[in-house]
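Undergrad: Here is the input, now give the coordinates:
(chains A and B)
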Amino acid sequence: DGGITQSPKYLFRKEGQNVTLSCEQNLNHDAMYWYRQDPGQGLRLIYYSQIVNDFQKGDIAEGYSVSREKKESFPLTVTSAQKNPTAFYLCASKGGGLYNEQFFGPGTRLTVL
Amino acid sequence: GESVGLHLPTLSVQEGDNSIINCAYSNSASDYFIWYKQESGKGPQFIIDIRSNMDKRQGQRVTVLLNKTVKHLSLQIAATQPGDSAVYFCAENGAYGNKLVFGAGTILRVKS
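TA: Here you go, the predicted structure:
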């Protein structure tokens, strides 16, 4: 089965702890993205990576960090510096070329207690 | 009818009717547009896309219309079904083409 997997589906953490969200794809896509979604709102871009070992900040990168050591993996760390980390986090990937859609994973709902 | 809620506008339609969801995009340099459907608690799912060299594209039960003059995009769903109930997002590729800019979304509710 080809696709994007995110784990876990639900994640609970105590305030002040860093937490890493997993995103894996076996679509052989070069580009990968992380979005945050708050209840009743749209998607906001946190970080994106167009190629291995390279990534760029999106619109709301503060308090987050990423790495892209392998083509198929793009983990997101939510640090203690992120003031309101409770949200639904979505990972996406995109194949080569400008006119291709992004494929999304099922999402991870992070709740910070 | 259509109303603006606290966060997202909501469109309520009767099962079997046609639905039209509208989106105003922001960047005149955008040349690629996508509609996504998101069911509660799930990731967005691709519905249909269109490039700026077209003004209409049809899929299965869905049609996307693009009006570049007024920077407007619409999604038409024929014979709306209860399974179509979801949040619908439009997205544009913006000035750089390597990332998408998403609209706020519209809630579609289908009444049986």
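
Undergrad: From now on I want contacts and neighbour counts done on CA atoms only, so please keep to that.
TA: OK.

Undergrad: who does B:Q38 bridge with?
TA: The partner list for B:Q38 in beta bridges (DSSP bridges) reads B:V87.

Undergrad: neighbours around residue 10, how many?
TA: By default, I'm working from chain A. Other residues within reach of A:Y10, judged by other Cα atoms under 10 Å in any protein chain shown, total 11.

Undergrad: you looked at the wrong chain, it should be chain B
TA: 19.

Undergrad: Now do the SS call for it.
TA: Reducing the assignment at B:T10 to three states with DSSP: H, G, I helix; E, B strand; the rest coil gives strand.

Undergrad: near chain A, which residues of chain B show up?
TA: For chain B, the contact set with chain A under Cα under 8 Å from any Cα of the partner chain comprises B:7-8, B:32, B:34, B:41-46, B:49, B:51, B:89, B:97-98, B:102-105.

Undergrad: In ChimeraX, how would I select just the buried ones from those?
TA: Buried residues among these (16 or more other Cα atoms under 10 Å in any protein chain shown), as a ChimeraX selection:
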select /B:8,32,34,42,43,44,45,46,49,51,89,97,98,102,103,104,105
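
Undergrad: so of the residues of chain B next to chain A, which ones are in strands?
TA: Secondary structure assignment (DSSP state E) places B:32, B:34, B:45-46, B:49, B:51, B:89, B:102 from these within strands.

Undergrad: In contact with residue 64, which residues?
TA: All of this refers to chain A. Residues in contact with A:Y64, defined by Cα atoms under 8 Å, 6 or more residues apart in numbering or on different chains, are A:46, A:76-79, A:81-82.

Undergrad: oops, chain B please
TA: B:V64 is in contact with B:48-50, B:56-58, B:73-76, counting by Cα under 8 Å, 6+ apart.

Undergrad: can you tell me which of these lies nearest to chain A?
TA: Nearest to chain A out of the contacts of B:V64 is B:D49 (Cα to the nearest Cα; 7.7 Å).

Undergrad: thinking the closest one is in contact with B:W35, fair?
TA: Yes: in this structure, B:D49 is within contact of B:W35 by Cα atoms under 8 Å, at 6.2 Å.

Undergrad: can you give me the strands for chain A?
TA: Listed in chain order, the strands of chain A (DSSP E) span A:4-7, A:10-13, A:19-25, A:31-37, A:43-51, A:54-57, A:64-66, A:76-78, A:87-94, A:102-104, A:108-112.
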